[in-house]
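Undergrad: Structure of the sequence below:
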Amino acid sequence: MTPLPSPRLTWRDDGSPVSSDFGDVYFSAEDGLAETQHVFLHGNHLPHAWAASPHFTIGETGFGTGLNFLCTWALWRETASPSQHLHYVSVEGFPLSRDDLERALEKWPDLAHLSTQLLARYPSPTRGTHLLHLDDNVHLTLLADEALSALTNFTGQIDAWFLDGFSPACNPEMWSPDLFREIARLSRTGTSLATFTVAGIVRRGLTAAGFEVHKTKGHGRKREMLTGRFTATPQPDKNPPWYQLPPPRACNGPIAVVGAGIAGAAAAHALRQYGFNVTVFDAQGIGSGASGNPAGLMMPRLAADHSPDGRFHVAAYLHTERFLSQLNNSDVFQAGGILQLARTEEEAARFSAIARLGHLPHDHINLLAPHQVMQSVEVETKFPALFFPKAGIVYPEKLLEQLLADGPSHTNKEDPSFYRAEIAGLVQTRNGWKLIDKDGSQHGPFMQVIIANGTGITQYPQTAHLPVEPIQGQLSLAPADTLPRFGPAISAGSYIISLPDGRTLFGATYTRVRGAEPVLPRIDAHHRNIASLASALPALSGPLAILDPVQLDGRVAYRAQVPDRIPFAGPVPDHEAYLHAYDRLRHGDRFADYPPAPCYPGLYLMGGLGARGFSTSLLLADLLAAQISGTPLPLARDLLEAVHPARFIVRALRKNT
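TA: Below is the predicted model:
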């Protein structure tokens with residue numbers, strides 16, 4: 001994730017933007033709205049084409065001002081049924097700023113009710129995949145990157161294409177044979193397309209890629225335009241066989257989610273957004289594990305390089321920040337910023353490198369000098385700090401209630417979509433999966449099951465191979481007014497959160513344990529939290545020394561951690577079948593005739609969240625919902641591999657261990 005070039009715009013007297021870089025207009029000066037309707041909507045036979053599709057996907061080259069998208073949304077709003085979903089995937093290598101987008105869309109007041117919502121969710125121009133959930137079951141995926149790179153790394157199947165880059169004479173990269181091949185790869189037999197241009201390079205390129213194209217009547221002064229349909233055989237998935245996803249199951253059957261912490265709640269929320277019927281199971285109730293702490297931090301985990309690990313965490317953080325900021329509810333999320341203090345020269349150098357790389361938009365990160373830290377929180381330090389102004393404090397109980405607002409309550413009688421049951425076994429049947437609780441009772445069958453129960457994720461034979469390690473953490477809670485209050489939360493190895501009721505939450509310990517049985521807070525762990533915070537913030541040594549560990553409140557919970565510290569989400573791999581199917585990987589053979597990935601049909605995982613569950617769960621949940629529904633995936637290909645549950649098996653095979 002790095003910043004993208006900003007478009008250089010000039011503005012005509014009528015309010016129309018012109019690209020100075022490409023010397024072309026963003027929309028027709030005569031009537032851009034009518035041109036969009038004629039070329040792209042009528043050219044792709046909309047709304048007739050989506051009339052019978054539960055999920056319909058449009059791909060666009062050139063998001064520009066978003067006019068095509070807003071016109072499509074307006075038509076969808078008028079014609080689609082409440083159970084249908086529109087997925088709109090658009091590429092943009094020079095994304096407009098929010099201010100420029102707003103200025104351009106002022107020309108279309110009839111679309112203001114939609115453009116207002118788009119502007120409220122529009123991401124800062126940052127390279128990567130940005131998924132926005134909008135009203136009317138509309139899901140907008142913005143691929144902020146050069147077109148060829150974006151589509152090469154994209155996974156999804158398009159039903160209709162809007163080819164709307166700047167003209168081939170001005171921007172030939174948007175009309176290259178390589179790009180047409182990627183457009184074909186993402187198409188199914190019968191996928192339609194429409195474009196304003198009839199240039200020979202475009203006609204020949206699309207034909208060579210497998211499209212049958214025709215000239216039809218153009219709009220306004222343009223006598224002709226192109227429409228077409230993909231008539232070739234769809235190409236196979238570009239992912240390695242061991243990371244390929246199983247085809248979505250053609251059903252609208254019920255889905256079970258095992259676990260009611262942040263992972264399970266996020267999964268249930270995402271699946272319901274995509275129209276699925278979800279039942280949640282948890283023996284202890286909602287937020288009983290690590291998700292039940294009084295408060296937590298929602299902040300990015302940044303890397304000083306461009307590794308998939310760092311890029312995933314940036315994408316997840318930005319996705320979560322958009323969701324939480326739209327809630328506008330301080331009971332759920334307090335966006336007061338988080339200050340991350342460097343503690344050593346090495347860490348200070350790393351922070352400087354992170355700031356230079358520009359992984360986050362400029363309005364999401366600041367590198368503060370020591371004197372600026374002192375001005376911000378009156379904490380003396382000799383090292384710089386990273387300040388994340390849009391990060392903040394999450395209140396887990398309220399967040400889980402928000403995510404599950406249309407679902408489970410705390411008792412079986414009040415709501416049949418939540419069961420207080422400990423799921424001890426999973427049995428595959430011809431009709432789906434049956435869940436067996438510890439009393440022997442059966443639940444189901446369910447067409448899909450999501451296992452998202454933290455450290456309990458490995459208790460089933462199907463998932464026992466996962467290298468999930470329980471990490472015990474204890475928080476300490478100081479009485480009101482015993483420690484200084486800080487505006488932003490502070491992270492420096494330990495973290496400190498000033499709660500609204502005057503108390504202070506700090507910690508947490510990090511202890512590897514063999515089991516994950518609940519335990520009561522320990523006095524020695526309170527001692528460790530006090531010592532760790534005093535070391536990180538020497539200015540608090542005096543007030544901390546007065547605290548009596550015997551009198552402190554606290555909470556113990558277990559985080560589920562994996563060796564590479566990257567969470568996982570995706571289909572459950574059949575461990576023994578993987579070892580057999582990909583045994584040649586032990587010998588470095590990457591090109592054998594390998595079969596598709598052997599996974600348990602309808603069984604999915606989400607876990608290994610570690611200490612970043614509140615910033616990663618929402619994106620992972622959307623990934624699962626997209627995989628199950630067969631809709632566009634919100635992560636680039638290398639990031640899909642980075643979070644795939646089978647990666648541990650594949651790595652072990654390659655190392656021959």
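
Undergrad: What residues does residue 71 make contact with?
TA: With contact taken as C-beta atoms under 8 Å, 6 or more residues apart in numbering, residue 71 is in contact with 33, 36, 37, 40, 41, 111. (Glycine included, C-beta is placed from N, CA and C.)

Undergrad: Tell me what the closest residue to the fourth one other than its chain neighbours is bridged to.
TA: Distances taken as C-beta to C-beta, 6 or more residues apart in numbering put residue 162 closest to residue 40, at 4.5 Å, once the chain neighbours are dropped. According to DSSP bridges, the partner residues bridging residue 162 are residue 60, residue 194.

Undergrad: Please determine how far residue 162 is located from residue 381.
TA: 52 Å (C-beta to C-beta, to the nearest Å).

Undergrad: doesn't residue 87 make contact with residue 53?
TA: No - using C-beta atoms under 8 Å, residue 53 makes no contact with residue 87, being 10.2 Å away.

Undergrad: Between these two, tell me which one has more neighbours.
TA: More crowded of residue 53 and residue 87, by other C-beta atoms under 10 Å: residue 87, with 24 against 13.

Undergrad: ranges for the helices of the stretch 551-657 of the chain?
TA: With DSSP state H, counting those that start in this stretch as the definition, the stretch 551-657 of the chain shows helices at residue ranges 575-581, 613-629, 637-643, 647-654.

Undergrad: quick one: buried residues of the first one?
TA: Going back to what we said before, that points to helix 575-581. Using 16 or more other C-beta atoms under 10 Å as the test for burial, helix 575-581 gives 575, 578, 579, 581.

Undergrad: where exactly do the strands run in the stretch 301-450 of the chain?
TA: With DSSP state E, counting those that start in this stretch, the ranges of strands along the stretch 301-450 of the chain come out as 333-334, 338-341, 366-368, 385-388, 392-394, 418-419, 423-429, 432-437, 442-446, 448-451.

Undergrad: May I see the ones you listed organised as TSV, with mean neighbour count, mean pLDDT and distance to residue 147 added?
TA: As requested, these are exported to TSV (neighbours: other C-beta atoms under 10 Å; pLDDT from 0 to 100; distance: least, C-beta to C-beta, whole Å):
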stretch	mean neighbour count	mean pLDDT	distance to residue 147
strand 333-334	22	96	35
strand 338-341	25	96	35
strand 366-368	18	95	32
strand 385-388	24	96	31
strand 392-394	24	97	35
strand 418-419	23	86	45
strand 423-429	16	95	42
strand 432-437	19	95	40
strand 442-446	18	93	40
strand 448-451	28	97	34
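
Undergrad: would you list the ones you listed in CSV and tack on distance to residue 348?
TA: Listed next are the strands of the stretch 301-450 of the chain as CSV, based on distance: least, C-beta to C-beta, whole Å:
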stretch, distance to residue 348
strand 333-334, 28
strand 338-341, 10
strand 366-368, 10
strand 385-388, 9
strand 392-394, 24
strand 418-419, 47
strand 423-429, 47
strand 432-437, 50
strand 442-446, 51
strand 448-451, 41
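
Undergrad: give me the low-pLDDT residue ranges for the stretch 201-350 of the chain?
TA: 250-251 (pLDDT under 70).

Undergrad: biggest helix in the protein by residues?
TA: Using DSSP state H, we find that the single longest helix of the chain is helix 308-327.

Undergrad: what are the phi and psi angles of residue 154?
TA: Main-chain torsions, residue 154, degrees, to the nearest 10: phi -100, psi 150.

Undergrad: how far away is it from residue 322?
TA: 20 Å.

Undergrad: Also residue 205?
TA: The gap separating residue 205 from residue 322 is 36 Å, by C-beta to C-beta.

Undergrad: now swap in residue 536 and tell me
TA: 30 Å.

Undergrad: cool, residue 123 as well?
TA: For residue 123 relative to residue 322 (C-beta to C-beta), the value is 7 Å.

Undergrad: Can you check which residues contact both of those two?
TA: Residues touching both residue 123 and residue 322 (C-beta under 8 Å, 6+ apart) are residue 132.

Undergrad: Was I right to think residue 150 contacts residue 156?
TA: No - if you go by C-beta under 8 Å, residue 150 and residue 156 don't touch, sitting 11.5 Å apart.

Undergrad: show me the contacts for residue 633.
TA: Counting by C-beta under 8 Å, 6+ apart, residue 633 touches 154, 155, 156, 623, 626, 627, 640.

Undergrad: and with 6 Å instead?
TA: Listed by C-beta atoms under 6 Å, 6 or more residues apart in numbering, the contact partners of residue 633 are 155, 626.

Undergrad: Can you check the pLDDT for it?
TA: pLDDT recorded at residue 633 is 97.

Undergrad: for the stretch 551-657 of the chain, which spans come out with low pLDDT?
TA: For the stretch 551-657 of the chain, no range has pLDDT under 70.

Undergrad: among the helices of the stretch 551-657 of the chain, which is nearest residue 302?
TA: Evaluated with C-beta to C-beta, the helices of the stretch 551-657 of the chain place helix 613-629 nearest to residue 302, the distance being 11.3 Å.

Undergrad: before we move on, the earlier item: save the buried residues of helix 575-581 as a markdown table, and put in distance to residue 253 too.
TA: Compiled in a markdown table, those are given as follows (distance: C-beta to C-beta, whole Å):
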| residue | distance to residue 253 |
| --- | --- |
| 575 | 26 |
| 578 | 26 |
| 579 | 31 |
| 581 | 28 |
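
Undergrad: which of the residues you listed lies closest to residue 228?
TA: residue 581 (38.5 Å).

Undergrad: Need the contact partners of the host helix or strand of residue 91.
TA: Assigned by DSSP states H and E, residue 91 falls within strand 85-92. Strand 85-92 is contacted by residues 55-61, 63, 69, 76, 137-144, 147, 150, 631-632 when judged by C-beta under 6 Å, 6+ apart.

Undergrad: Right, I'll leave it there.
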